[in-house]
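S.K.: just coords:
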């Protein structure tokens, strides 16, 4: 009996930390395996399925062949890369960026965001998120003990209704933030607001006037509020729409961290190279945090990205990237329109929101094929599963990018991505047209 008592006392029980105990499977653990299981065309997860440009691959080949880049490099960023970033970005920011103090390289935009949020948010601080928001934002906020506050981008209902009776197409530009709702979200505890421009998943590119309205609210209601401007889709804007950087607005440089991504820029998401740009006092704090997360980003990938950015015609490449994606966007828009999914035309990114109001589910359709059991009570999740299993098209339910109280807002939408090769988009077209049969 004594031995059994001791054995019970010595039994090991694992408990996750308080900071992470609320985390569960993400939306990606439902739909990526489901796409594989049903051999579906995956227009869900936003990673390119085509090769990066030849000059980018050549940069990595050169790095490996030359050698000497197999050990740790400078923690806040490989010297050649931060200098290349300064050279490329200084004209866009209208100031000479100090590569040593105003730029930090992270393990993709995701770790850059994690290090930034961890460096800013204390327990009890409030963080404003604009819904729909990329789900990766929420983790580091909760781990820091922060309290997320939510303000929703909303489609102008008047314009939406007119699109059904006129030639006016639904557009991401018609999704707007209510300035009064944004102001009401601020309190004396507001430490941070996170913007995404161009915006995933809506595809909105904020006008300069809209950004100035946000800046005015920040100045008035959040004098000590820092701004993270996630601009990883900066080079993907369409139809002549211009991307404006929040940090270039009057008085915003001093409080803004701009996030960028080589993965999005060069179609190399697996290389995991991203960066923060901002004032030296903020970047210094983020760099100090970063050294305790990965310490440094792999040296070969940083060297190769630096070589790619040093190309004399790099600005031409940025334009070519936008042209390529606009063609892919138009291809998918055509398919969605023919399929009756009334798409919201994106001004930027490589995502499209499709309206699924025309699809009617019966019984357990979309529920009985779930892998994780997530989202069974949400229409957009069930529609996304139904499209995967019955029509061979995998999408993402946008309610995954909303807080629990607002998950019904996007129930008639699913998110498609068009960062795929032409063959994939052609297969997707054929499968989507089955919706009309």
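M.R.: Right, received. Where do you want to start? This is a predicted model, so every value here is computed, not measured.
S.K.: What about residue 293, how many residues nearby?
M.R.: 13 (other CB atoms under 10 Å). C-beta here means a position set from N, CA and C on the backbone, and glycine is covered the same way.
S.K.: May I ask which helix or strand of this structure has the lowest mean pLDDT?
M.R.: Every helix and strand in the chain was compared by mean pLDDT, DSSP states H and E; the lowest is helix 2-10, with a mean of 61.
S.K.: I'd like the next helix or strand past that helix.
M.R.: The helix or strand immediately downstream of helix 2-10 is helix 28-37, counting by DSSP states H and E.
S.K.: Mind listing what's buried along that following helix?
M.R.: By 16 or more other CB atoms under 10 Å, the buried positions in helix 28-37 come out as 30, 31, 32, 34, 35.
S.K.: Tell me which residues are up against it.
M.R.: Helix 28-37 is contacted from outside by 40-42, 44-45, 369-372, 374-375, 381, 384-385, 388-389, 394-396, using CB atoms under 8 Å, 6 or more residues apart in numbering.
S.K.: switch to 7 Å and redo it
M.R.: With contact meaning CB atoms under 7 Å, 6 or more residues apart in numbering, helix 28-37 is reached by 42, 44, 45, 370, 371, 372, 374, 384, 385, 388, 394, 396.
S.K.: Counting neighbours, which of those residues comes out on top?
M.R.: Counting by other CB under 10 Å, top hit in the contacts of helix 28-37: residue 384 with 30 neighbours.
S.K.: Quick check: phi and psi at that residue.
M.R.: With angles defined as degrees, to the nearest 10, residue 384 sits at phi -60, psi -40.
S.K.: wait, isn't it in contact with residue 413?
M.R.: No: look at residue 384 against residue 413 with CB atoms under 7 Å: they stay out of range, at 9.9 Å.
S.K.: thinking again about what came up before, quick one: which of the contacts of helix 28-37 sit in helices?
M.R.: Using DSSP state H, the subset of the contacts of helix 28-37 located in helices is 384, 385, 388.
S.K.: where's the closest residue to the second one other than its chain neighbours relative to residue 39, distance?
M.R.: Going back to what we said before, that points to residue 385. Among residues not flanking residue 385 along the chain, residue 366 sits closest, at 4.4 Å (CB to CB, 6 or more residues apart in numbering). Per CB to CB, to the nearest Å, residue 366 is found 18 Å from residue 39.
S.K.: So for the two, which sits in the more crowded spot?
M.R.: Neighbours were counted for residue 366 and for residue 39 using other CB under 10 Å; residue 366 has more, 25 against 9.
S.K.: The more buried one belongs to a helix?
M.R.: No: going by DSSP: H, G, I helix; E, B strand; the rest coil, the assignment for residue 366 is coil, not a helix.
S.K.: distance of it from residue 417?
M.R.: 20 Å.
S.K.: got the phi/psi numbers for the residue most central in space within the chain?
M.R.: Residue closest to the average C-alpha location in the chain (CA atoms, centre = their mean): residue 134, at 4.9 Å. Phi and psi for residue 134, reported as degrees, to the nearest 10, are phi -60, psi 130.
S.K.: same check, this time on residue 354
M.R.: According to degrees, to the nearest 10, residue 354 has phi -110, psi 140.
S.K.: In space, what's closest to it - neighbours in sequence excluded?
M.R.: Nearest to residue 354 is residue 341, by CB to CB, 6+ apart, at 3.9 Å.
S.K.: Isn't the one you found up against residue 356?
M.R.: Yes: assessed by CB under 7 Å, residue 341 is found in contact with residue 356 at 6.3 Å.
S.K.: and residue 37, what pLDDT?
M.R.: Listed pLDDT for residue 37 reads 96.
S.K.: Same question for residue 22.
M.R.: Reported pLDDT for residue 22: 89.
S.K.: excluding its backbone neighbours, what's nearest it?
M.R.: Nearest to residue 22 is residue 142, by CB to CB, 6+ apart, at 6.5 Å.
S.K.: what about residue 53, distance to residue 284?
M.R.: Relative to residue 284, residue 53 is positioned 34 Å away (CB to CB).
S.K.: and if you look at residue 366?
M.R.: From residue 366 over to residue 284 (counting by CB to CB), the distance is 49 Å.
S.K.: Also residue 191?
M.R.: From residue 191 to residue 284 the distance is 18 Å (CB to CB).
S.K.: pLDDT weak spots in the stretch 101-250 of the chain?
M.R.: Applying pLDDT under 70 to the stretch 101-250 of the chain flags the ranges 159-167.
S.K.: neighbours around the closest residue to residue 251 other than its chain neighbours, how many?
M.R.: Distances taken as CB to CB, 6+ apart put residue 219 closest to residue 251, at 6.7 Å, once the chain neighbours are dropped. The number of residues packed near residue 219 is 15, by other CB under 10 Å.
S.K.: and the end-to-end length of stretch 202-213?
M.R.: 19 Å (CA to CA, to the nearest Å).
S.K.: Report the buried residues of it.
M.R.: Buried residues in stretch 202-213, counted by 16+ other CB under 10 Å: 202, 203, 204, 205, 206, 210, 211, 212, 213.
S.K.: Not counting its neighbours along the chain, what's nearest the second one?
M.R.: For residue 203, ignoring the flanking residues on the chain, the nearest one in space by CB to CB, 6+ apart is residue 346 at 2.2 Å.
S.K.: Likewise for the third one?
M.R.: Using CB to CB, 6+ apart and skipping the chain neighbours, the partner closest in space to residue 204 is residue 172 (4.1 Å).
S.K.: Do I have it right that that neighbour meets residue 203?
M.R.: Yes: at 4.1 Å, residue 172 counts as touching residue 203 under the criterion of CB under 7 Å.
S.K.: List the residues that are in contact with both of those two.
M.R.: What both residue 172 and residue 203 touch, as defined by CB under 7 Å, 6+ apart, is the set 344, 346, 347.
S.K.: Among those, name the ones in helices.
M.R.: Of those, none are assigned to helices by DSSP H.
S.K.: and of these, the nearest to residue 182?
M.R.: Of all the shared contacts of residue 172 and residue 203, residue 182 sits closest to residue 347, with 20.4 Å by CB to CB.
S.K.: Many thanks, we can stop here.
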